[in-house]
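Student: Build the 3D model from these lines:
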Amino acid sequence: MKTIIVRLFAILLFVLTLLFPSLTLSGASSGLLLWFQTVLPTLLPCMILADFLLRVGADTYLTRLFHRPLSLIFSASRAGSYAVFVGALSGYPMGAKTTASLLARGAIDREEASYLLSFCNQPSPMFLTGYLGLSLLAGRSHPDSNGSSTLVLALLLGVYGSAFFVSCLYRALRKMNRQIRKIGGNPVTAEKENIRSAGKIYACTAQKAQNTTGLPILSQLESSMMSSFEVMVKIGGYMMLFSVVESWAAALPIPWPGLQAAAMGFIEMTTGCRQIASSLSFPWSAALCCGAVSFGGLSGFFQTQNVLSGSGLSCGRYFLWKLIQGCLAAIIVVLWFFLMGEYPRV
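Tutor: Below you'll find the model as predicted:
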């Protein structure tokens, strides 16, 4: 049944491409330009360097600096704190890619990798402050407010505050699950078996990763570049495809533009936020944009699914946690402006 649905959906997309060539062309062009002009120059250097640090073992030096505060806030291990650090600063899908790399190298177990994946994949601060805050939403707040500084602070609080709440919720549910198992007389034997089997699966990969630290620096750098190039090309393909879907969605005769803008933000966050900012009044636009970038959009989900391929981590759980984070981020921004006296207007 699932195969039939996928095949019918593929045929539908192909037919829409033939029926609406102008929309397909404009969507593909905007997606590729966005990837080439914005995503490629900002994400590719971070991706190469983050992978290169892991290959040469230099991440251990960095984690000495920020492991203690991140461990206190998120209860992450020393190796896992590197994924939190990279994911918070580099943007999608670097948090997930780093988590999968750490798991493959045996630096973290599957349990911690699943926990980190629930909150460490975030939009970069440059995207939040530059593109979303100053470019799209600046000047839309009430004249009596404190301007762009308050807006940027609200966006940062919404994204990273919701990530913190998700991490707390995940830990609380995990603790509750363990207590239920103990009360029921079924200790965490199965969980230990999963971690042990994960260790066996990735033992060979981890040993190879340790052996590669002795390779020449140039070879390490070239390996990081080739791996990053492959991921970036796939990201560009996903952005192009979902931009085409967005162009089709924008042509639908939806009477309320806010619903159409929300749908576009759900599909692809970058162009969707542009539509949200121009369609909704402030601060609803800021809240919905913050929710969209915290969720990452369907395009971001498929990009993340690509970098998690072969890791064994659940993409379905990741989707659910990101959906929860997106809702929390939107609520935080609305509450922030409500407390600041900027009451939502319909």
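Student: after the helix or strand Val293 falls within comes which helix or strand?
Tutor: Secondary structure from DSSP states H and E places Val293 in helix 284-295. Once helix 284-295 ends, the next helix or strand along the chain (criterion: DSSP H and E) is helix 297-307.
Student: Could you check the angle the helix or strand following that next one makes with helix 284-295?
Tutor: Using DSSP H and E, the next helix or strand after helix 297-307 towards the C-terminus is helix 315-339. Helix 315-339 and helix 284-295 are oriented at 150 degrees to each other (axes from the mean of the first three to the mean of the last three C-alpha atoms, to 10 degrees).
Student: Do I have it right that Val56 meets Ile217?
Tutor: Yes: counting by C-beta atoms under 8 Å, Val56 touches Ile217, with 7.1 Å between them. No exception for glycine: its C-beta is placed from N, CA and C like everyone else's.
Student: And these two? Which one has more around it.
Tutor: Val56 (15 against 10; other C-beta atoms under 10 Å).
Student: Name the nearest residue to that one, sequence neighbours excluded.
Tutor: Gln220 (5.6 Å; C-beta to C-beta, 6 or more residues apart in numbering).
Student: For the one you found, give its distance to Ile267.
Tutor: Look at Gln220 and Ile267: by C-beta to C-beta, to the nearest Å, they are 37 Å apart.
Student: Repeat that for Cys289.
Tutor: For Cys289, the distance to Ile267 - C-beta to C-beta - is 14 Å.
Student: swap in Ala113?
Tutor: 28 Å.
Student: now the end-to-end length of stretch 49-64.
Tutor: 18 Å (C-alpha to C-alpha, to the nearest Å).
Student: Now do that stretch: everything it contacts.
Tutor: 78-79, 81-82, 85-86, 90, 94, 97-98, 101-102, 105, 209, 212-213, 217, 220-221, 223-224, 227-228 (C-beta atoms under 8 Å, 6 or more residues apart in numbering).
Student: Run through the stretch 151-300 of the chain and note the low-pLDDT ranges.
Tutor: Under the criterion pLDDT under 70, the flagged ranges of the stretch 151-300 of the chain are 184-215.
Student: Please repeat the previous calculation with a cut-off of 80.
Tutor: 181-216, 253-258 (pLDDT under 80).
Student: mind listing the helices for it?
Tutor: 189-211, 217-250, 257-267, 269-279, 284-295, 297-307 (DSSP state H, counting those that start in this stretch).
Student: Among the ones you listed, which comes closest to Pro125?
Tutor: helix 284-295 (11.4 Å; C-beta to C-beta).
Student: Give me the angle between that closest one and helix 297-307.
Tutor: Using the same axes, to 10 degrees: helix 284-295 against helix 297-307 is 10 degrees.
Student: just to revisit the earlier point, in TSV: the helices of the stretch 151-300 of the chain, plus distance to Lys2.
Tutor: TSV is the format used below for these (distance: least, C-beta to C-beta, whole Å):
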stretch	distance to Lys2
helix 189-211	25
helix 217-250	20
helix 257-267	22
helix 269-279	27
helix 284-295	24
helix 297-307	16
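Student: Please indicate which of the ones you listed has the most neighbours on average?
Tutor: Most buried of the helices of the stretch 151-300 of the chain, by mean neighbour count (mean count of other C-beta atoms under 10 Å): helix 284-295, with a mean of 27.
Student: Between helix 269-279 and that helix, find me the angle.
Tutor: Using the same axes, to 10 degrees, helix 284-295 lies at 170 degrees relative to helix 269-279.
Student: Pull the distance from helix 284-295 to the chain's centre.
Tutor: 14 Å (C-alpha atoms, centre = their mean, to the nearest Å).
Student: Show me the shaky parts of the stretch 1-150 of the chain.
Tutor: 1-2, 135, 138-149.
Student: one step back: tell me which of the helices of the stretch 151-300 of the chain sits nearest to Phe337.
Tutor: With C-beta to C-beta as the yardstick, what comes closest out of those is helix 284-295 (7.3 Å).
Student: Against which helices or strands is the closest one packed?
Tutor: helix 148-183, helix 257-267, helix 269-279, helix 315-339 (3 or more C-beta pairs under 8 Å, 6 or more residues apart in numbering; DSSP states H and E).
Student: Find the one among those helices with the highest mean neighbour count.
Tutor: helix 269-279 (a mean of 23).
Student: what sits up against that helix?
Tutor: With contact meaning C-beta under 8 Å, 6+ apart, helix 269-279 is reached by 30-31, 34, 38, 123, 131-132, 136-137, 140, 243, 246, 250, 257-258, 260-262, 264-266, 285, 288-289, 292-293, 295-297, 299-300.
Student: and Val307, what does it touch?
Tutor: So Val307 contacts 93, 96-97, 100, 231 (C-beta under 8 Å, 6+ apart).
Student: and it, what pLDDT?
Tutor: Note for Val307: predicted pLDDT of 89.
Student: Please apply the same query to Glu342.
Tutor: Glu342 is given a pLDDT of 67.
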